[in-house]
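Asker: give me the fold of what follows.
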Amino acid sequence: QVQLVESGGGLVQAGGSLRLSCAASTRTFSSNAMGWFRQAPGKEREFVAGIGSRGRSTFYADSVKGRFTISRDNTKNTVYLQMNSLKPEDTAVYYCAARPKMTITGEYDYWGQGTQVTVSS
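Answerer: This next block holds a predicted model:
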């Protein structure tokens, strides 16, 4: 079982930056690929970014490529999402998720409670 707790959300103006963190309570963090997802009001949840278990591979949604950066620190059991050049359309609840595999693609089994990101125009 993996418990995930996100932090770092908030209100920011368009063009600003936020850094989300997700702390995982598991002894096997380094065996889990990690992902960030988001869900805007009235929309389905969508994939934002993912990182392999060793941090060597990353993958981004086209909508955030070049603006967002996912990273992880396996010594701290934490994954991060650095969000730059934020746009109002980035407004959503952001969720951290864990997948007990090395690779990014596939089903994610564990989810955090989410953190709200609001970008004002």
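
Asker: what strand or helix carries the residue sitting nearest the centre point of the chain?
Answerer: Centroid-nearest residue in the chain, with Cα atoms, centre = their mean: Trp36, separated by 2.5 Å. If you go by DSSP states H and E, Trp36 is part of strand 33-39.

Asker: each with direction, which strands does that strand pair with?
Answerer: Strand 33-39 has its sheet partners listed here by DSSP bridges as strand 46-51 (antiparallel), strand 92-99 (antiparallel).

Asker: how far off centre is the helix or strand following the first one?
Answerer: Stepping forward along the backbone from strand 46-51, the first helix or strand reached (DSSP H and E) is strand 58-60. Between the mean C-alpha location of strand 58-60 and the chain-wide mean there is a distance of 11 Å, by Cα atoms, centre = their mean, to the nearest Å.

Asker: how close does the residue nearest to the centre of the chain sit to Arg27?
Answerer: Separation of Trp36 from Arg27 (Cβ to Cβ, to the nearest Å): 22 Å. Backbone N, C-alpha and C define where each C-beta goes, glycine included.
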